[in-house]
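[1] Whatever this is, show me its structure:
(2 chains)
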Amino acid sequence: MTEPAPAPDVRVPVASDIDIVSARQQGRALAMQLGFSSSDATMVATAISELARNIVLYAKRGEIVLAAVVNSEHRGLAITACDNGDGIADIRQALQDGYSTSGRMGVGLPGVKRLMDEFEISSTVGKGTVVSVKKWGR
Amino acid sequence: MQVPILKQGSYLIASIQSALTDADLVQLRESLVEQVGRYRSRGVIVDVTALDVMDSFASRILRDIATMIKLRGAETVIVGIDPDVALAMVRLGLNLEGVATSLDLEEGLAFLEARTKSERRR
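    Numbering: from 1, shown residues only, chains lettered A, B, ... in the order given. Coordinates of the predicted model:
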């Protein structure tokens, strides 16, 4: 028997509140497939909900990409949220607790960082933002 | 999907049955605020047992509901926050501050009974 072929990436276009629900449901389904605990799967789904909401709020449209990843010990789930919006001028400020340019939230990126094991962000003003996060199975 | 709202004596019980979009949550807020006046309800229970994700938007709407219902002269209690959901909320930094919560529907009803009775005595 050979190893089962890795699941292909799941790409979810995000442009509305319905897409936010769809993205987080697909993320939870993939997390369960990877053998994540239900609490880890809930953290994954919650992080996706926040990332997708940021896309809808700040960039209007974008994409969430879900991928199964492996390291030497664990299987994990990588989530990439990308958009071609205005970008973030001050990333350090955006990563501070309680900061929100929309004035509507205040948990945003720092909260997502605490839900996940790895967090990376890159943003170019006028070009867009890419947030990449990973959660590893236990 | 619209959230069914049951009238039970002087209380309203909104029982979330499935994943909700932002628009569904806003609709729930509006329906509860309107119905609490229409039925002259003393208390509102929002049962979130079936909600598998409580993100910043959902928790903001629940806070709005509790505050608006209070301004309308009634009490709100949120019941049924799942342990996994509670953990994710804590990590995210959401605490539903100022909103009453109970373990389940039964506890929520007991909470409202106690709360609305003591208010009548005053």
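[2] For the rest of this, base every contact and every neighbour count on C-alpha atoms.
    Will do.
[3] Give me the contacts around the helix or strand residue B:62 falls within.
    Using DSSP states H and E, residue B:62 falls within helix B:56-71. Outside of helix B:56-71, the residues within contact range by C-alpha atoms under 8 Å, 6 or more residues apart in numbering or on different chains are A:50, A:105, A:107-108, B:22, B:25-26, B:29, B:32-33, B:36, B:44, B:75-78, B:94, B:96-99.
[4] for the chain, which spans come out with low pLDDT?
    Just going to use chain A. A:1-7, A:98-107 (pLDDT under 70).
[5] not quite, I wanted chain B
    Counting by pLDDT under 70, chain B has low-confidence residues at B:119-122.
[6] Going by proximity to chain A, name the top residue of it.
    At 4.0 Å from chain A, residue B:92 is the closest residue in chain B, using C-alpha to the nearest C-alpha.
[7] quick revisit: distance from the chain centre to the helix or strand following the helix holding residue B:62, please.
    Reading on from helix B:56-71 to the C-terminus, the next helix or strand found by DSSP H and E is strand B:75-79. Averaged C-alpha coordinates place strand B:75-79 at 4 Å from its chain's average position (C-alpha atoms, centre = their mean, to the nearest Å).
[8] Skipping its backbone neighbours, what lies nearest the residue of chain A found nearest chain B in space?
    For chain A, the residue closest to chain B is residue A:111, as judged by C-alpha to the nearest C-alpha, at 4.0 Å. Excluding the flanking residues, the one nearest residue A:111 by C-alpha to C-alpha, 6 or more residues apart in numbering or on different chains is residue B:92, at 4.0 Å.
[9] what's near enough to touch that neighbour?
    A:107, A:110, A:111, A:112, A:114, A:115, B:55.
[10] Could you look up the SS state of the residue most central in space within chain B?
    When C-alpha atoms, centre = their mean is applied to chain B, the residue found nearest the centroid is residue B:46 (3.0 Å). Assigned by DSSP: H, G, I helix; E, B strand; the rest coil, the conformation of residue B:46 is strand.
[11] Just confirm it contacts residue B:13, I think it does.
    Yes - contact criterion C-alpha atoms under 8 Å: residue B:46 and residue B:13 qualify, at 6.0 Å.
[12] Any residues of chain A in contact with chain B? List them.
    Within chain A, the positions near chain B by C-alpha under 8 Å from any C-alpha of the partner chain are A:17-18, A:20-21, A:38-39, A:42-43, A:45-46, A:49-50, A:105, A:107-108, A:110-112, A:114-115.
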